[in-house]
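Colleague: The following comprises the amino acid sequence and a computationally predicted model.
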Amino acid sequence: QFINPIQEHAVQARAWACRLDHFFHNPRSQRREQAQPDMAPAPSERTKASSPFDNAAADIVLRTSDAVDFRVRSHILLEASPVFTSILSIPQDPVSPDGPATIDISEDSVTMETLLRICYLVANPTLRGRPLDEMERATHAASKYEMAYPLDMLCDELKFAAKKASFEVWAIACRCGLEA
């Protein structure tokens, strides 16, 4: 049976995508274990995020899965994300003497720092050269929270990364629902 070069390339691309998908989503993968710890740290092990997400004047705390507290201003989240608009529209208890309300989120601190630095225009991150697994987690989170601007920036960086790692970026795009 004759297979032309384009068909052969497509078969190879699918095989690479399956291997990459297995690597990134295999529970034994070291990268996955590092990025998503199985047990949340004890309250005494919580840490504060770096500046500008350690501001005492912030009115909300986002606590990540690896127990890092990001003190943020709710009005920035409201502008950046319709999902956070919905979350923050739920009546909250009055501000406690212990500080602002805390929202536990499933993302890790690296992912949230990337997204929040894009949203806080004064603190833009350097996305170029970041590991692809970090870019994938940030892209998933931007999509989950419906953050249009961060998603656009991350997609642009993935397009740039595709010049050197086309199969890996294609697999990420497929897993993130961006292949169209």
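Modeller: It's in. Numbers count the residues shown, from 1 in each chain.
Colleague: pLDDT weak spots in this protein?
Modeller: Residue ranges of the chain with pLDDT under 70: 1-44, 92-97, 122-124, 179-180.
Colleague: where do the helices sit along it?
Modeller: 5-25, 30-35, 74-80, 82-89, 109-119, 132-144, 148-161, 166-175 (DSSP state H).
Colleague: okay if I get those helices as JSON lines plus distance to Thr126 and mean neighbour count?
Modeller: Backbone N, C-alpha and C define where each C-beta goes, glycine included. Listed next are those as JSON lines, based on distance: least, Cβ to Cβ, whole Å; neighbours: other Cβ atoms under 10 Å:
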{"stretch": "helix 5-25", "distance to Thr126": "23", "mean neighbour count": "13"}
{"stretch": "helix 30-35", "distance to Thr126": "19", "mean neighbour count": "13"}
{"stretch": "helix 74-80", "distance to Thr126": "19", "mean neighbour count": "17"}
{"stretch": "helix 82-89", "distance to Thr126": "24", "mean neighbour count": "14"}
{"stretch": "helix 109-119", "distance to Thr126": "9", "mean neighbour count": "22"}
{"stretch": "helix 132-144", "distance to Thr126": "12", "mean neighbour count": "21"}
{"stretch": "helix 148-161", "distance to Thr126": "10", "mean neighbour count": "18"}
{"stretch": "helix 166-175", "distance to Thr126": "18", "mean neighbour count": "19"}
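Colleague: so can I have a markdown table of those showing distance to Arg46?
Modeller: Listed next are those as a markdown table, based on distance: least, Cβ to Cβ, whole Å:
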| stretch | distance to Arg46 |
| --- | --- |
| helix 5-25 | 28 |
| helix 30-35 | 18 |
| helix 74-80 | 20 |
| helix 82-89 | 21 |
| helix 109-119 | 11 |
| helix 132-144 | 20 |
| helix 148-161 | 25 |
| helix 166-175 | 30 |
